[in-house]
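Asks: Next comes the sequence, and after it the predicted model I'd like to discuss.
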Amino acid sequence: MASLKPETSEQALEAVAWALAEETPLEVIGRGSKRALGRPVQAGNNIELSALSGITLYEPEELVLSARAGTPLAEIESALAAKNQMLAFEPADLGPLLGGAAGAGSIGGVLACNLAGPRRIKVGAARDHFLGAHAVSGRGEVFKIGGRVVKNVTGYDLCKLLAGSYGTLAAMTDVTVKVLPAPEKTRTVLFHGLDDAAAVKAMSRALQSSHEVSGAAHMPAALTGGSAVSYVAKAGGAVTAIRVEGPGPSVEHRAAALRRDLADVAESEELHSVNSAKLWTELRDVAAFVKDSSRVIWRISIPPAAGAEVVARIALGEDTRHFFDWGGGLIWLALPASDALAFEARHAAVRAALKDCGGHATLIRAPEDLRARVPVFQPQEEGLAALTARVKNSFDPRRILNPGRIYAGV
Amino acid sequence: MRMPEPDRAILARRAEIARALNAIVPGEGVIVEEDELRAYESDGLTAYRQLPMIAVLPETTDQVSAILKYCHENGVKLVPRGAGTSLSGGALPLADGVLLGMGKFKRILDVDFENRCAVVQPGVTNLGVTKAVEHAGFYYAPDPSSQIACTIGGNVAENSGGVHCLKYGLTANNVLGVEAVLIDGTVLRLGGKHLDAEAYDLLGLLTGSEGLLAVVTEVTVRLLRAPETARAILLGFPTSEQGGDCVAAIIGAGIVPGGMEMMDKPAIHAAEAFVNAGYPLDVEALLIVELDGPQVEVDLLVAQVTEIAAANGAVTSRASDSEAERQVFWAGRKAAFPAIGRISPDYYCMDGTIPRHKLPLVLRRMREMSETYGLRVANVFHAGDGNLHPLILYDANEPGELERAEEFGAEILKLCVEVGGVLTGEHGVGVEKRDLMETMFSDADLKQQQRVKCAFDPDSLLNPGKMFPVLHRCVELGRVHVHGGKVPFPDLPRF
């Protein structure tokens, strides 16, 4: 197996053109931190884009940043932090969850997987901040999409297609993203002792308020003890966390208002900026499920009000762990390790739980042999599956780039 | 503007096609009389007119599906239309095409505050969504200036914006799901009340696809709680450079206003003459900065912005102290287009986006072009995101003026691209900017976009003649060109 590590866009093109001529698929890798995510790829060779690295344009006052696709996310985040800015969609660092190191991802990888953290509910996902790219298609052609301005409707928005395509359409060489000012202060209101249903209702009330909530998560009692935030760890029960961000007087006012508005729900207390940052990073990176690496992890996106009901419907016994983000709309689920037969039964239970409410469930972590046994991503209806395959054809008709990473045959 | 040559064989079958459509949509849902078709001959880009061959007004998704399937099987072109407010000719009919009017899809199907969304039919107006939820303190954020008339279906097609999109996003950021019909009649549901797509974000792709990929029959939109309060600040600057610097400084200070609009001198004068908003007439640039959110935050930011403006040379600075005063500040900006209509028989509204720091250069070059073309130009500008709306003043009754205005407009858009911007920030490509696409995209870029079109509509029956300057056949686009086969870059580091 050859591992190609292009240092220029021309070399990236050459690598894909060669694979096309050889009729040998390529596994597309940014910095490799999320290789265990998705279906196992059968590829003869690798193309790793980590040598295409570096910020090429950063204009804080224009709210744009361009970088080579393999640029470490950490490098981008520290450049932004120096100007009090951020990637507002709060990309998760799933490295540790997937058994790797922290801080090892690339900007291209974040966009290709459309990862977004707790702030998704307020500002959108990676897709909403992805402004433009240069890429090499599976046809062995270089193309450009989008632009470098924050408002653009010229032509099809192919950035949306590449976001979440898991490298199955094109190998990106350069990307441009929208950046935003970082909030001056953060406060988190913690409500204690709610069960899932009451927590989802409380989060829904907070999100329906005018307090501009930028995070709403709920950890059942089984998980709070493991938090590095002492207020959560010592809570001795379930914790529901509501975050507000902005100028100091504003967050103070809004946190107080939330506590007042939800005083009938439960006792509450407040975290200030440092502890808030720690807590939301834990939630973002699914820290609660990193340790026991034998557990199978699912990520489930559903209508927020259905959150508690979906978990109840999955009902896989006492050894199941879960927590909610996105006001109930995102469930992180950890199932105990099991043999293949039990694994398949649990997979069926997760899929069945979503049947009437809409949404999707993604198998985020499982041993490779198990990931090959069941659909990792939400199975598609016939019409959508056919269209998905045709879209794949339009970029990569010979199935050169990450074949089968999201769906068999795609 | 050249449109695809009408297909004589299709025109000859007009009566038969109308009968077939009537079998799908009975009664008065099929229009063939010329005087009735006249209502559909143009959209918001009124310089172009074309009678459609037939218009059909379905009422159900099944009917839309059957119409598309029939047209697909019979090689008949279709042009979807919402309220017909497109400023780029997106709904311009075709002589040999069926006009698919979605105006009867007017129902709000579900308002779901728990999940903070509403499910509506595509013919519901943009403002209609907000009207349906404002009693509970909610609203739908994108607010294109045509919001009284334009429909949600059209907003999805064009990825419409508005003055608040710097903070709240375009349509794409506020739509959670759609039901859409493909040209072969397949009905798809993309997204729903949950967030984000699995695998390819086809919902994101359809948003802004200008009716070339599918027909949307239902839309789930995100609802937001209305901000606690909003205040506007009116700022006047002696030069457009200072106005631009002020905008940069506000964003540089970490403030993202709900709206940030700029007007140049000709636009200020026209607006003030029309609505008496109290705008200063001796400034080169007027900035309206709106801050919304919790009262305590708004008051704080109003003070900060006022300070920043003073440091950047503002000679007028007034913050609204009441809702009525805020409305007055906005009245002039909101009436800018009709105000220009009062001082000129016709005007042509452009829509480019530029990196904001290029504003002084672009305004200067525009003034030079104005001299060259002998046509006046006024500018309104979504300053926060660099979206320019130059209004070119002309008189369609003067021979040659429309053509001059169009040439002038094209020059402006080319300039936008030249300085690192794009051809359209929110109005779409349509027919208007179709032939300029090659200034922004290479042949390879456009071919890749068209291949995506082929995945949805291989015979190019949905809204052909829009967006792409050259129509390639899908068979030709589908060919893979394999080069060489030599081992790539032998010096390459391997690991």
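Replies: Received, thanks. All values derive from a computational prediction rather than experimental measurement.
Asks: Okay, A:L57 and A:R68: tell me how far apart.
Replies: Separation of A:L57 from A:R68 (CB to CB, to the nearest Å): 11 Å. Bear in mind the C-beta positions are built from the backbone N, C-alpha and C, glycine included.
Asks: The two: which has the busier surroundings?
Replies: Taking A:L57 and A:R68 together and counting by other CB atoms under 10 Å in any protein chain shown, A:R68 has the greater number of neighbours (23 against 14).
Asks: mind checking the SS state of whichever residue of chain B sits closest to chain A?
Replies: Each residue of chain B has a distance to chain A, by CB to the nearest CB, and the smallest belongs to B:G204, at 2.8 Å. Taken by DSSP: H, G, I helix; E, B strand; the rest coil, the conformation at B:G204 corresponds to helix.
Asks: Surely it and A:L162 touch.
Replies: No. Here B:G204 does not reach A:L162: they are 10.1 Å apart, not a contact under CB atoms under 8 Å.
Asks: State the paired neighbours of the helix or strand encompassing A:I47 in the sheet, together with their directions.
Replies: Under the criterion DSSP states H and E, the helix or strand holding A:I47 is strand A:45-48. With DSSP bridges as the criterion, the sheet partners recorded for strand A:45-48 are strand A:3-4 (parallel), strand A:26-29 (parallel).
Asks: For B:A141, which of these is the nearest?
Replies: Checking these against B:A141 by CB to CB gives strand A:26-29 as the closest, at 35.5 Å.
Asks: So for the residue in the stretch 51-200 of chain A that chain B sits nearest to, what's the nearest residue that isn't a sequence neighbour?
Replies: Per CB to the nearest CB, the residue of the stretch 51-200 of chain A with the smallest distance to chain B is A:K160, at 2.8 Å. Among residues not flanking A:K160 along the chain, B:G204 sits closest, at 2.8 Å (CB to CB, 6 or more residues apart in numbering or on different chains).
Asks: how many neighbours does the one you found have?
Replies: Other residues within reach of B:G204 by the criterion other CB under 10 Å amount to 30.
Asks: do B:D143 as well
Replies: B:D143 is flanked by 19 other residues according to other CB under 10 Å.
Asks: That one belongs to a helix, doesn't it?
Replies: No. Under three-state DSSP, B:D143 sits outside any helix and is assigned coil.
Asks: mind checking pLDDT for it?
Replies: The pLDDT attached to B:D143 in the predicted structure is 93.
Asks: In space, what's closest to it - neighbours in sequence excluded?
Replies: Spatially, and ignoring its direct neighbours in sequence, B:D143 is nearest to B:G162 (3.7 Å; CB to CB, 6+ apart).
Asks: my guess is that neighbour contacts B:S145, does it?
Replies: Yes. B:G162 is in contact with B:S145 according to CB under 8 Å; the separation is 7.0 Å.
Asks: And the residue nearest in space to the middle of chain B, which helix or strand is it part of?
Replies: Central residue of chain B (CA atoms, centre = their mean): B:H427, 2.9 Å from the mean position. Under the assignment given by DSSP H and E, B:H427 is not contained in any helix or strand.
Asks: Now it: closest residue in space that isn't a chain neighbour?
Replies: Counting by CB to CB, 6+ apart, B:D351 is the residue found nearest to B:H427 once chain neighbours are left out, at 4.0 Å.
Asks: what sits against that neighbour?
Replies: If a contact means CB atoms under 8 Å, 6 or more residues apart in numbering or on different chains, then B:D351 has B:L87, B:S88, B:N387, B:L388, B:H389, B:T424, B:G425, B:E426, B:H427 as its contacts.
Asks: So which of those residues belong to strands?
Replies: Of the contacts of B:D351, the ones assigned to strands by DSSP state E are B:N387, B:L388, B:H389.
Asks: which of these come close to chain A?
Replies: Filtering the ones in strands among the contacts of B:D351 for neighbours of chain A using CB under 8 Å from any CB of the partner chain leaves B:N387.
Asks: Select from the ones in strands among the contacts of B:D351 the one having the most neighbours.
Replies: Each of the ones in strands among the contacts of B:D351 was scored by neighbours using other CB under 10 Å; the highest score is B:N387's, at 31 neighbours.
Asks: Look up which residues are beta-bridged to it.
Replies: Each beta-bridge partner of B:N387 is listed here, defined by DSSP bridges: B:T353, B:H382.
Asks: for B:L234, same thing?
Replies: Partner residues in beta bridges with B:L234, using DSSP bridges, are B:I288, B:R318.
Asks: Neighbours of it, how many?
Replies: Residue crowding around B:L234 was assessed by other CB under 10 Å; the count is 26.
Asks: now swap in B:K447 and tell me
Replies: Considering only other CB under 10 Å, B:K447 is surrounded by 19 other residues.
Asks: Now do the strand holding A:I47: distance to the chain's middle.
Replies: Averaging C-alpha positions (CA atoms, centre = their mean, to the nearest Å) puts strand A:45-48 23 Å from its chain's average.
Asks: Report the next helix or strand after it in sequence order.
Replies: Using DSSP H and E, the next helix or strand after strand A:45-48 towards the C-terminus is strand A:55-59.
Asks: Kindly export that next one (C-alpha atoms) in PDB.
Replies: Once side chains and other backbone atoms are set aside, the C-alpha atoms of strand A:55-59 remain, and they are given as PDB (Å, rounded to 0.1, in the frame of the first residue of the first chain):
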ATOM      1  CA  ILE A  55      -3.300  29.600   7.300                       C
ATOM      2  CA  THR A  56      -3.300  31.400   4.000                       C
ATOM      3  CA  LEU A  57      -5.600  34.300   4.800                       C
ATOM      4  CA  TYR A  58      -7.000  35.700   8.000                       C
ATOM      5  CA  GLU A  59      -8.900  38.900   8.000                       C
END
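Asks: Just say helix, strand or coil for the nearest residue to B:M467 once chain neighbours are set aside.
Replies: The spatial neighbour of B:M467 that comes closest, neighbours along the chain excluded (CB to CB, 6+ apart), is B:V429 at 4.7 Å. For B:V429, the secondary structure call by three-state DSSP comes out as coil.
Asks: and the gap between B:V429 and A:V153?
Replies: Plainly put, B:V429 is 8 Å away from A:V153 if you go by CB to CB.
Asks: Point out the residues in the stretch 1-150 of chain B that sit beside chain A.
Replies: B:D112, B:F113, B:E114, B:N115, B:R116, B:G137.
Asks: hmm, try it at 10 Å
Replies: For the stretch 1-150 of chain B, the contact set with chain A under CB under 10 Å from any CB of the partner chain comprises B:S88, B:D112, B:F113, B:E114, B:N115, B:R116, B:C117, B:A136, B:G137, B:F138.
Asks: Give me the buried subset of those.
Replies: The neighbour-count criterion (16 or more other CB atoms under 10 Å in any protein chain shown) marks B:S88, B:F113, B:E114, B:N115, B:R116, B:C117, B:F138 among the residues of the stretch 1-150 of chain B next to chain A as buried.
Asks: got JSON lines for these, with secondary structure, distance to A:A171 and pLDDT too?
Replies: Putting these into JSON lines (DSSP: H, G, I helix; E, B strand; the rest coil; distance: CB to CB, whole Å; pLDDT from 0 to 100) gives the following:
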{"residue": "B:S88", "secondary structure": "coil", "distance to A:A171": "33", "pLDDT": "95"}
{"residue": "B:F113", "secondary structure": "coil", "distance to A:A171": "43", "pLDDT": "97"}
{"residue": "B:E114", "secondary structure": "coil", "distance to A:A171": "42", "pLDDT": "97"}
{"residue": "B:N115", "secondary structure": "coil", "distance to A:A171": "37", "pLDDT": "97"}
{"residue": "B:R116", "secondary structure": "coil", "distance to A:A171": "37", "pLDDT": "97"}
{"residue": "B:C117", "secondary structure": "strand", "distance to A:A171": "35", "pLDDT": "98"}
{"residue": "B:F138", "secondary structure": "strand", "distance to A:A171": "42", "pLDDT": "98"}
